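In: Quick one: sequence plus predicted model below, questions after.
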Amino acid sequence: MLPLSLFAAPLLVSTVAAEPTQWLSSFLNAAEQQAHTIFGLHACPAPFLLPESCINGASPDFPGLDGCCTNVPGGFLLQTQFWDTAPSTGPNNSWTVHGLWPDRCDGSYDAYCDPSREYTDIRGILQQNAPSLLPFMDTYWKDGNGDDNSFWAHEWNKHGTCISTLNTTCYGRAYKQYEEVVDYYERTIELFKSLPTYDWLAAEGIVPSASQTYTLEQLQTAARKHFGYEAVWGCTGGNKLDEVWYGYHTRGPIAGGKFIPTSPDGSKSSCPDTGIRYLPKYAPSTSTGSGSISNSTSPYGNSTSAFFQGVVNGTEQGCLISAGAWFTSGTCATLHLTPASPSTDLAAGFTMTSSKGPCAVASGALSCAAGNTASTFTLDSNKNLVYQGSSSFTADAVPPANVKETVYTTSDHAVQLTLKCAPQ
């Protein structure tokens, strides 16, 4: 009886001859998968031996291209940053982290690529797996609505799950749950630290100002000088500068690979050519004296709209919500501040009203509700809320996720905080 291989060989040769590229690609992909199963990301060659993740506006494409070692199709990585002033977030001399986004090489992008790895409690994941990241993130990766944990989760769920080199199969049989999540936040923070936007702009004479304006060319000159390429600058209504995106190609995976600065992809700056306003943080857009904030016409009369952010030991943590409670997992309440006298100077005293009703201190506790008789407050020179001469408030704890804490004016509670006014 003839060996089976003699019959199979002609068929194999015919198949290879007919579709050599497909056969080679399948063979190499199987070999790479086996290598990653055994060695994880250590199966990837050194970055200089790997292809750049974008070539002439397209992803590399050849038999055996390994998506665990080269970021494809999302090979144009953007490290994005915020300059938040309404409300202000983070230190007043630093931009803050937005995220790390894997655009395709043509400027399009994918989002929410793996529902099975969409998480809600990133803080909990990092507390268990990389607690050293949290102090930095609590200072420099801030959500404008006071819900940092949800913001972090959004960035991972929408963008991190679309980075091919963070697929769990790339980590092999030694994979530990959430390992790729940690790699995403670690690399984002590492990149952010290498991109000190505030310092780069200041070195070129571009500093926050309530009156000075700048040109787009001034911003791009600073980017070219310090980053090596132009960046994408974002402005909101009123030509207010609030975002910057820095672009990279990569060689190798997110964890351990090389990031190569490059010029923008399909995205363009939304700022105008001239008249760009780079406003200071924690300061009103228009000031009329100590403790004053420009007011506006609203259904609440001659009032100013503002948020109040909780600050504990110098770190912003959440804000007041409409009932007057302290919350770290939701949207800040818009408080309407109405001067207690015809003067527009809030330092002279004002009442506050939320969508729930007037805000008052009763039995040492702050609340905003219909039927309240509004208490009178002031602001100190740092724009902190003051009640009966004191800017110190207390609570039983820093609110954990989805828990509201009552704010007290008495000193017999565990956590001391101030309430920082952030005009809208």
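Out: Looks like it came in fine.
In: quick one, domains of this structure?
Out: Listed by automatic domain parsing, the domain ranges of the chain are 76-277, 296-423.
In: ok, of these, where does mean pLDDT dip lowest?
Out: In terms of mean pLDDT, the lowest-scoring of the domains of the chain is domain 296-423 (a mean of 83).
In: Check the offset of that one from the chain's centre.
Out: Remark: domain 296-423 is offset 26 Å from the chain centroid, using CA atoms, centre = their mean, to the nearest Å.
In: swap in stretch 209-225?
Out: Taking CA atoms, centre = their mean, one finds the center of stretch 209-225 at 23 Å from the center of the full chain.
In: Tell me, how many residues neighbour residue 22?
Out: Using other CB atoms under 10 Å, residue 22 has 12 other residues around it. Every C-beta, even on glycine, is put in place using the N, C-alpha and C of the backbone.
In: so how far is residue 164 from it?
Out: Relative to residue 164, residue 22 is positioned 20 Å away (criterion: CB to CB, to the nearest Å).
In: How are the strands of the stretch 51-200 of the chain distributed by residue range?
Out: Listed in chain order, the strands of the stretch 51-200 of the chain (DSSP state E, counting those that start in this stretch) span 76-82, 96-103.
In: Could you export those as JSON lines, including distance to residue 67 and mean neighbour count?
Out: Below are the strands of the stretch 51-200 of the chain laid out as JSON lines (distance: least, CB to CB, whole Å; neighbours: other CB atoms under 10 Å):
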{"stretch": "strand 76-82", "distance to residue 67": "15", "mean neighbour count": "24"}
{"stretch": "strand 96-103", "distance to residue 67": "12", "mean neighbour count": "24"}
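In: With distance to residue 210 as extra columns, can I get these in CSV?
Out: Shown next, in CSV, are those (distance: least, CB to CB, whole Å):
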stretch, distance to residue 210
strand 76-82, 19
strand 96-103, 20
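In: Nearest approach to residue 214 belongs to which of those?
Out: Each of those has some distance to residue 214 by CB to CB; the shortest is strand 76-82, at 16.9 Å.
In: Once you drop chain neighbours, what's closest to the residue sitting nearest the centre point of the chain?
Out: In the chain, the C-alpha nearest the mean C-alpha coordinate belongs to residue 98, at 2.6 Å (CA atoms, centre = their mean). Nearest-residue entry for residue 98: residue 80, 3.8 Å, with adjacent residues in sequence omitted and distances by CB to CB, 6 or more residues apart in numbering.
In: Please tell me I have it right and that neighbour contacts residue 247.
Out: No - contact between residue 80 and residue 247 fails when scored by CB atoms under 8 Å: they sit 10.0 Å apart.
In: hmm, back to that, for the residue nearest to the centre of the chain, what are its contacts?
Out: Shown here is residue 98, whose contacts under the criterion CB atoms under 8 Å, 6 or more residues apart in numbering are 80, 81, 82, 155, 243.
In: okay, now residue 230: neighbour count?
Out: When neighbours are counted by other CB under 10 Å, residue 230 comes out with 20.
In: Once you drop chain neighbours, what's closest to it?
Out: Nearest-residue entry for residue 230: residue 220, 4.7 Å, with adjacent residues in sequence omitted and distances by CB to CB, 6+ apart.
In: With just CA atoms, put the host helix or strand of that neighbour into PDB.
Out: Residue 220 is part of helix 216-226 when elements are defined by DSSP states H and E. What follows is helix 216-226 as a C-alpha-only set of coordinates in PDB (Å, rounded to 0.1, in the frame of the first residue of the first chain):
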ATOM      1  CA  LEU A 216      -2.000  79.400  15.400                       C
ATOM      2  CA  GLU A 217       1.500  79.900  13.900                       C
ATOM      3  CA  GLN A 218       2.900  80.700  17.300                       C
ATOM      4  CA  LEU A 219       1.500  77.400  18.700                       C
ATOM      5  CA  GLN A 220       2.800  75.400  15.700                       C
ATOM      6  CA  THR A 221       6.200  77.100  16.000                       C
ATOM      7  CA  ALA A 222       6.400  75.900  19.600                       C
ATOM      8  CA  ALA A 223       5.300  72.400  18.600                       C
ATOM      9  CA  ARG A 224       7.900  72.200  15.800                       C
ATOM     10  CA  LYS A 225      10.700  73.400  18.000                       C
ATOM     11  CA  HIS A 226      10.000  71.100  21.000                       C
END
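In: Summarise which helices and strands that helix is packed against.
Out: Taking 3 or more CB pairs under 8 Å, 6 or more residues apart in numbering; DSSP states H and E as the contact definition, the neighbouring helices and strands of helix 216-226 are helix 197-203, strand 232-236, strand 240-251.
In: So for residue 203, which of the strands of the stretch 51-200 of the chain sits nearest?
Out: The stretch from the strands of the stretch 51-200 of the chain with the least distance to residue 203 (CB to CB) is strand 76-82; that distance is 16.6 Å.
In: Does residue 89 touch residue 140 like I think?
Out: No - with contacts defined as CB under 8 Å, residue 89 does not count as touching residue 140, sitting 9.3 Å away.
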